[in-house]
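K.L.:
mind folding the following:
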Amino acid sequence: MYLIPLYLHLTLLTLGNAFLLTLVAVYLNNQGAAAAQIGLVGSAFYLGMLGASFFADKLIQQLGHVRSLVLCCLVLALAAMALTWTSLLPVWLILRMLAGIAAAVGFVAVESWVLGVAPLHRRSSAMARYMLIYYFSYGISQLFIDWVPTTGMAGFWLASGLCMLSVVPLWWASRPNLNAEGCVNANSGKPPRADRALGLAGCLVAGMLLGALYALMPIQLEQMALGDEIGLYMAWLILCGMAFQLPNGSLADKFGKRTLMGVQTLMIGAGCLLLWEFDGKGAMLMAFALLGAGGFTLYPTTMSYACGKMHGRALVRMTQKLMFTYSIGSLTGPMIAGMMLEKYHSGLFLFVILLVAGWALWLLLMRLLTDKPVGTTI
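P.N.:
Below you'll find the model as predicted:
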């Protein structure tokens, strides 16, 4: 119950920011902008997210979680509103970069807040609820594209208003005391270096995987002559990812996060193999269910694993590092997968299979080197 104001804030902010991400591309396309310019504006947002990962923890340490989130909401709202004042490409690039910085600081603040106040044995479940709310809000925000005119400025004002409105629930949010466990040394809960490396590698893989799926799955489906059913399969992919969040969190807390990492890897690999070998509708739906359930739960599982029993600033700093590696993956994954898709007919599936095969080998190697059972919880 104590996180309800934070979750309501996350819902409103995601509705505005996720809608704006799609709106910017659609609006520029309607204005006749070149594809290269649209891609450049889109990359500016993620470049801002990447840059924020170098100072987000210091900002949150100085301002606190609540004030940092208020500042992020204001910056996102003003940056969205300012897009209606000019059509100059350099100004749009700067505004989208500022929005990316604000969004990244917001992610670090919310994720470290959720992990910090959750009991150690329930961190995976807490992250599962967070991801479920985020994906649900993200999916709903995409419906605004059909409801709001994309040729005028109404959409930008709506996005700005939602970002501004997300400040209101923070008035009822209890300021998090991330040292509530009574630890004298906030670093005492730091997991071993091998576990932290495993978590960072998992976030990198999750970023590469989800970035490639978001950007290139529609193109892969078109190459498979399924262009009329792109919306159906993409919606099913995200829906299955949402549906498995809560069971994944409970199972990770009960059986161990590394066990769930192995299960997720098998699900992703099996889904891609089904897509590669079979083209029936039943097989396609099963494959997308496995791919969504495994792929969309990898990030919260590896994140909660890497944070171990951390509290205080150590937790915020680790969350920042994880967001940095996820951003790197989100930038590099689509580029590598795109090159493979140009060369091979099922290039996206080949990319995912190779990616999860490498990740599976890394899991096995870490188990052998650290001599720990795969079911170790933390």
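K.L.:
break this protein into its domains for me.
P.N.:
4-168, 188-370 (automatic domain parsing).
K.L.:
which stretches of the stretch 1-150 of the chain form strands?
P.N.:
In the stretch 1-150 of the chain, no strands are found when defined by DSSP state E, counting those that start in this stretch.
K.L.:
Phe278 against Leu285, yeah?
P.N.:
No. Using CB atoms under 8 Å, Phe278 makes no contact with Leu285, being 10.9 Å away. No exception for glycine: its C-beta is placed from N, CA and C like everyone else's.
K.L.:
show me where the stretch 201-350 of the chain has its helices.
P.N.:
Secondary structure of the stretch 201-350 of the chain, counting by DSSP state H, counting those that start in this stretch: helices at 230-243, 245-255, 257-277, 281-307, 312-343, 347-370.
K.L.:
include mean neighbour count when you put the ones you listed into TSV, please.
P.N.:
As requested, the helices of the stretch 201-350 of the chain are exported to TSV (neighbours: other CB atoms under 10 Å):
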stretch	mean neighbour count
helix 230-243	18
helix 245-255	20
helix 257-277	21
helix 281-307	23
helix 312-343	21
helix 347-370	18
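K.L.:
in CSV, list the ones you listed along with mean pLDDT and distance to Phe156.
P.N.:
Shown next, in CSV, are the helices of the stretch 201-350 of the chain (pLDDT from 0 to 100; distance: least, CB to CB, whole Å):
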stretch, mean pLDDT, distance to Phe156
helix 230-243, 83, 24
helix 245-255, 87, 31
helix 257-277, 90, 36
helix 281-307, 90, 29
helix 312-343, 85, 24
helix 347-370, 87, 32
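K.L.:
quick one: closest of those to Phe19.
P.N.:
helix 230-243 (15.2 Å; CB to CB).
K.L.:
tell me the phi and psi of Ala225?
P.N.:
In terms of degrees, to the nearest 10, the main-chain angles of Ala225 are phi 60, psi 40.
K.L.:
how many residues are close by it?
P.N.:
9 (other CB atoms under 10 Å).
K.L.:
now Pro119
P.N.:
Residues contacting Pro119 under the criterion other CB under 10 Å number 10.
K.L.:
hang on, the earlier thing: can you redo the domains of the chain as a markdown table with distance to Ser174?
P.N.:
Shown next, in a markdown table, are the domains of the chain (distance: least, CB to CB, whole Å):
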| stretch | distance to Ser174 |
| --- | --- |
| domain 4-168 | 8 |
| domain 188-370 | 16 |
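K.L.:
just so I know, which of those domains lies nearest Arg175?
P.N.:
That would be domain 4-168 among the domains of the chain, by CB to CB, at 5.7 Å.
K.L.:
that older thread, can you lay out the helices of the stretch 201-350 of the chain as a markdown table showing distance to Leu63?
P.N.:
Listed next are the helices of the stretch 201-350 of the chain as a markdown table, based on distance: least, CB to CB, whole Å:
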| stretch | distance to Leu63 |
| --- | --- |
| helix 230-243 | 32 |
| helix 245-255 | 29 |
| helix 257-277 | 31 |
| helix 281-307 | 21 |
| helix 312-343 | 12 |
| helix 347-370 | 36 |
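K.L.:
closest to Ala44 out of those?
P.N.:
Between the helices of the stretch 201-350 of the chain, helix 312-343 lies closest to Ala44; by CB to CB that is 11.8 Å.
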